[in-house]
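S.K.: what follows is a protein structure lacking sequence information:
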């Protein structure tokens, strides 16, 4: 059980480490566009494909989403043009949104910012100890 927990923490830490350069680029982009990082991530979010799922005239990137357990048919999502232009993968966006959600859970006063004790707890979740 302990080994399984440590593997999970190591995976989260690797995801956080790998996301760093992408987050840096997205942060710079959000500053240029005068919006928050969360607003930029919302703009980069993939949208469900309507109709036959064919590529649009601009050669939109399609993502196949397979449901777990095979209970229902998979679906397709279309990457946001801005995300394609900035070469941001949906997997990267998914992890960054996940990390934002985790950091938000440790924001006890809902200020949108973490103080030192809150930050320490959030980083511990990702196997980073201070």
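M.R.: Perfect, thanks for sending it. Since the structure is predicted, the reported quantities are computational estimates derived from the model, not experimental observations.
S.K.: packing partners for the lengthiest helix in the chain?
M.R.: The longest helix of the chain (DSSP state H) is helix 2-32. Applying 3 or more Cβ pairs under 8 Å, 6 or more residues apart in numbering; DSSP states H and E, one finds that helix 2-32 makes contact with helix 37-44, helix 90-105. Quick note: C-beta positions are derived from backbone N, CA and C, even for glycine.
S.K.: name the residues of that helix that come out as buried.
M.R.: Residues of helix 2-32 classed as buried by neighbour count (16 or more other Cβ atoms under 10 Å): 12, 15-16, 19, 22-23, 26, 29-30.
S.K.: and stretch 111-127, how far out from the chain middle?
M.R.: 18 Å (Cα atoms, centre = their mean, to the nearest Å).
S.K.: quick one: low-confidence residue ranges for this protein.
M.R.: 1, 50-76 (pLDDT under 70).
S.K.: one more pass at 90, please.
M.R.: Where the chain drops to pLDDT under 90, the residues are 1-27, 29-30, 35-104, 109-114, 119, 122-130.
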